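This is a predicted model, with the sequence first.
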Amino acid sequence: MSQYLLNSATTTGAGTAWQERDTTASSTYTYHSFQAIGSTSASTGAATVLIQVSNDGTNFITLGTITLSLTTSPSSDGFAANINWQYYRANLTAISGTGASVTVLMKG
């Protein structure tokens, strides 16, 4: 099941950090994929999303960057990583365009 890190975000800022469940080491997921989807209601725009991770929930580092060119048709990009952190979040650092919005999903 995918986890929403951002859901139809229209302004910059970090989403709420998602915390990995406490599980035994043998059952912990290490493969994660991240996908950003965005669009505008008119014309064109752009968005930049940082995927950030942390082990203490306070000090985040950037795992990767997703850049989208936005139009009225949804655009999407993403990446996958073999990692295991305690906290994951999406940070929308730039968004432009009429009615622009971005959703970020994580699977893993």
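Received it, and whenever you're ready, just let me know what you need.

Starting from the least confident helix or strand in the chain by mean pLDDT, tell me which strands it pairs with and how they run.
The helix or strand of the chain with the lowest confidence, counting by mean pLDDT, DSSP states H and E, is strand 18-19 at a mean of 93. Its sheet considered, strand 18-19 pairs with strand 87-98 (antiparallel) by DSSP bridges.

Give me the buried stretch members for the helix or strand just after the partner strand, please.
Next helix or strand after strand 87-98 toward the C-terminus (DSSP states H and E): strand 101-107. Buried residues in strand 101-107, counted by 16 or more other Cβ atoms under 10 Å: 101, 102, 103, 104, 105, 106. Heads up, the C-betas are built off the backbone N, CA and C, glycines and all.

Do I have it right that the first one meets residue 39?
The reference is to residue 101. Yes - assessed by Cβ atoms under 8 Å, residue 101 is found in contact with residue 39 at 6.8 Å.

out of the buried residues of strand 101-107, which one sits closest to residue 47?
residue 102 (4.9 Å; Cβ to Cβ).

Tell me which stretches of the protein form strands.
3-9, 13-14, 18-19, 31-39, 42-54, 61-70, 75-82, 87-98, 101-107 (DSSP state E).

By mean pLDDT, show me the worst of these.
If you rank the strands of the chain by mean pLDDT, strand 18-19 sits at the bottom with a mean of 93.

Now do that strand: everything it contacts.
Identification of contacts with strand 18-19 by Cβ atoms under 8 Å, 6 or more residues apart in numbering yields 3, 5, 57, 86, 87, 88, 89, 106.
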